[in-house]
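Student: build me a structure from this.
(one chain, ligands or ions: 1)
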Amino acid sequence: MENVVELRNATKKFKGFSVNNINLEVKKGFITGFIGENGAGKSTTIKMMMNLLKPDAGQVKLFGLDYQTHEKAIKERIGFVYDGNVFFEGLNLIDIKRIVGPAYKQWDDKLFYHYVEKFELPQKKAIKTFSKGMQMKASLAIALSHHAELIIMDEPTAGLDPIFRRELLNLLQELMVDGNRTLFFSTHITTDLDRIADYIAFIQRGELIFNQSILDIAENYAVVKGGLDLLDRDTEKSFVHLNRGPTGFVALTDNRKEVDQVFGDSVVIEHATLEDIMYYTKGGMQYV
Ligand SMILES: Nc1ncnc2c1ncn2[C@@H]1O[C@H](COP(=O)(O)OP(=O)(O)OP(=O)(O)O)[C@@H](O)[C@H]1O
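Tutor: Next up, the predicted model:
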């Protein structure tokens, strides 16, 4: 499978926080959701992908090219959509088109008007009067109008109402039908990902915990509940996190098959949601 993005040991150090040795591959033609709690390093990683931050160590490649030698060619092929007003506030969409369009070889006026109409965006109103949802749509319309193959979005659904969020997710799914486009987006709303993502990349405290297909996650991860008498040094090895309560334990496993073999019918095994995985591993992979 072709990788559109490849991060190799990408590292960025800030005072008091660092994103460490990120090895991440984003597969062509799929939707990858990027999750992690506040301050986990999602935006920092996305900024390294966009060349808005230079890694202190490691490599970042997009479409097999690096920014040192192919910045323009890479940027032509990416659309970046993020939470916040990207544009000069007093301008309207037509002004924006006049400024942004010529910067892209593949800019397509027809497509721009198609999306402006589809998203029901006013052409002549100042962007500063747009609602958050409209600004997100405007940003997406611009990204799509230069035929971006890779769309990177930093929390595109944050602050949007549930109806609009669902519409946006449907739209993103529609954009994927030809198989050539790739979508990578960070979010805190994990249920959005259950709906549309093919892969989930999970970052925690600046470390990439996994990048797996939704199917593999469903197959491997599970919440396990059982009596304390079942626990010993060997059986505990099946868990990535273990919570002991007064009457029993609740654990998270990333190896459901092993749990089946070790515990059989003596435990209850439940589907682990992405939220479960994030919650149970919050303090790092550990035993409590
Ligand atoms: N330019 C910077 N200088 C110093 N520290 C920074 C800088 N940018 C980010 N950080 C720190 O890096 C950490 C990770 O921030 P980042 O924005 O990548 O997290 P995030 O996962 O996107 O969080 P959120 O979900 O809250 O948006 C935070 O502690 C933040 O304060």
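Student: for the rest of this, base every contact and every neighbour count on C-alpha atoms.
Tutor: OK.
Student: residue ranges for the helices of the stretch 101-250 of the chain, please.
Tutor: Counting by DSSP state H, counting those that start in this stretch, one finds helices in the stretch 101-250 of the chain at the ranges 109-118, 132-145, 162-174, 190-196, 214-220.
Student: so for the ligand, which of those helices sits nearest?
Tutor: helix 190-196 (12.4 Å; CA to the nearest ligand atom).
Student: before we move on, back to that, which of the helices of the stretch 101-250 of the chain sits most buried?
Tutor: The highest mean neighbour count among these, using mean count of other CA atoms under 10 Å, belongs to helix 132-145: a mean of 22.
Student: residue 45: which of the helices of the stretch 101-250 of the chain is closest?
Tutor: For the helices of the stretch 101-250 of the chain, the distance to residue 45 is smallest for helix 190-196, at 18.6 Å, taking CA to CA.
Student: helix, strand, or coil at the nearest residue to residue 143 once chain neighbours are set aside?
Tutor: Residue nearest to residue 143 in three dimensions, not counting chain neighbours: residue 79, with 4.3 Å by CA to CA, 6 or more residues apart in numbering. Secondary structure, DSSP: H, G, I helix; E, B strand; the rest coil: residue 79 is strand.
Student: the stretch 1-150 of the chain against the ligand: which residues are in contact?
Tutor: Applying CA under 6 Å from any ligand atom, one finds that the stretch 1-150 of the chain approaches the ligand through 14, 17, 36, 37, 38, 39, 40, 41, 42, 43, 44.
Student: in what helix or strand does the last one lie?
Tutor: For residue 44, the enclosing helix or strand under DSSP states H and E is helix 42-49.
Student: for that helix, name the packing helices and strands.
Tutor: Using 3 or more CA pairs under 8 Å, 6 or more residues apart in numbering; DSSP states H and E as the contact test, the elements touching helix 42-49 are strand 3-14, strand 57-62, strand 150-154.
Student: mean neighbour count, those strands: which tops it?
Tutor: Mean neighbours per residue, mean count of other CA under 10 Å, is largest over the helices and strands packed on helix 42-49 for strand 150-154, with a mean of 23.
Student: quick one: strands adjacent to that strand?
Tutor: Paired neighbours of strand 150-154 in the sheet (DSSP bridges): strand 78-82 (parallel), strand 182-186 (parallel).
Student: what's the offset of the last one from the middle of its chain?
Tutor: Strand 182-186 sits 5 Å away from the centroid of its parent chain (CA atoms, centre = their mean, to the nearest Å).
Student: quote the end-to-end distance of stretch 251-269.
Tutor: Criterion CA to CA, to the nearest Å; first-to-last residue distance in stretch 251-269 is 10 Å.
Student: what segments of the stretch 151-288 of the chain are strands?
Tutor: With strands called from DSSP state E, counting those that start in this stretch, the stretch 151-288 of the chain shows them at 182-186, 199-204, 207-213, 222-226, 241-244, 249-253, 268-271, 286-287.
Student: where among these is average confidence lowest?
Tutor: In terms of average pLDDT, strand 286-287 trails the rest of the strands of the stretch 151-288 of the chain, at a mean of 48.
Student: pLDDT averaged over stretch 49-62 - what is it?
Tutor: Across stretch 49-62, pLDDT averages out at 95.
Student: straight-line length of it, end to end?
Tutor: Stretch 49-62 has an end-to-end distance of 8 Å (CA to CA).
Student: stretch 25-40 too?
Tutor: 18 Å.
Student: who touches it?
Tutor: For stretch 25-40, the external contacting residues (CA atoms under 8 Å, 6 or more residues apart in numbering) are 1-7, 42, 176, 179-188, 190, 193, 196-206, 211, 278.
Student: how about that stretch: buried residues?
Tutor: Neighbour counts over stretch 25-40 (16 or more other CA atoms under 10 Å) mark 25-37, 40 as buried.
Student: any idea which of these is closest to the ligand?
Tutor: When the buried residues of stretch 25-40 are compared against the ligand (criterion: CA to the nearest ligand atom), the nearest one is residue 40, at 3.8 Å.
Student: secondary structure class for that closest one?
Tutor: Residue 40 - assigned by three-state DSSP - is coil.
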